[in-house]
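> below is the structure, and that's it, no one-letter string:
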């Protein structure tokens with residue numbers, strides 16, 4: 001039996017607003033490791049069409065393969081042949097847009113531990129900028145969520161003024177405060193543990 005998700009109503013409500021928005025949206029969430037970033041994302045996407053992939057400290061080829069599998073599993077989770085892998089991020093992002101165009105609502109595209117994707121393939125931020133400006137914004141049916149545990153990377157390489165992704169900004173950033181004492185107590189009672197998160201996200 002799954003545990004109930006306690007607290008973070010404000011964050012979930014903001015993400016829900018983004019999901020209902022008539023345009024492309026992008027959220028950036030970051031904080032220390034094992035504080036609940038991924039739990040928040042998975043709670044949000046659990047009943048929605050979503051492609052979720054988590055970066056690993058490995059080569060570009062391996063991260064591309066994991067991302068390929070996440071995209072193709074969205075189409076057919078029971079597929080047996082896993083030999084195919086996209087050779088660059090641009091083709092993957094184009095495929096994601098093709099899949100979004102077949103959905104009735106928005107498609108959520110999540111890259112968790114984004115710094116690992118960028119470390120293995122430094123071009124990914126620039127490719128994302130191109131995809132956002134020339135593809136995603138044209139159709140306005142994708143929510144892009146970038147999540148990371150490396151505070152310095154997310155602050156400078158994603159949110160920094162010199163970042164290609166900063167140039168693709170759609171709205172201002174707002175900080176989310178840590179859980180209140182009451183929320184911590186509720187979570188501890190419900191699940192036997194509690195966590196704090198200090199994410200930053202972008203809303204319309």
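Arrived safely. Every value quoted in this text rests on a predicted model; they were computed, and no experiment measured them.

> so for whatever helix or strand residue 63 lives in, what's the average pLDDT?
Using DSSP states H and E, residue 63 falls within helix 60-75. On average, the pLDDT along helix 60-75 is 97.

> all the helices of the chain, residue numbers only.
Listed from the start of the chain, the chain has helices (DSSP state H) covering 9-20, 37-45, 60-75, 89-100, 114-120, 124-131, 137-139, 151-153, 164-167, 181-191.

> mind telling me which of those the model trusts least?
Of all the helices of the chain, helix 181-191 has the smallest average pLDDT, which comes to a mean of 41.

> apart from its chain neighbours, what residue comes closest to residue 72?
Nearest non-adjacent residue to residue 72, counting by C-beta to C-beta, 6 or more residues apart in numbering: residue 79, 6.5 Å away. To be clear about C-beta, it is placed using only N, CA and C from the backbone, and glycine gets the same treatment.

> shouldn't the one you found be in contact with residue 69?
No: if you go by C-beta atoms under 8 Å, residue 79 and residue 69 don't touch, sitting 9.2 Å apart.

> which of these two has more neighbours?
residue 69 (15 against 11; other C-beta atoms under 10 Å).

> surely the more buried one meets residue 81?
No: using C-beta under 8 Å, residue 69 makes no contact with residue 81, being 11.1 Å away.

> which parts of stretch 32-52 are buried?
By neighbour count with 16 or more other C-beta atoms under 10 Å, stretch 32-52 contains the buried residues 35-41, 43-45, 49-52.

> next one: residue 80 from residue 52, what distance?
For residue 80, the distance to residue 52 equals 21 Å [C-beta to C-beta, to the nearest Å].

> what's the answer for residue 152, then?
In this view, residue 152 and residue 52 are 24 Å apart by C-beta to C-beta.

> ditto for residue 134
Taking C-beta to C-beta as the measure, residue 134 falls 24 Å from residue 52.
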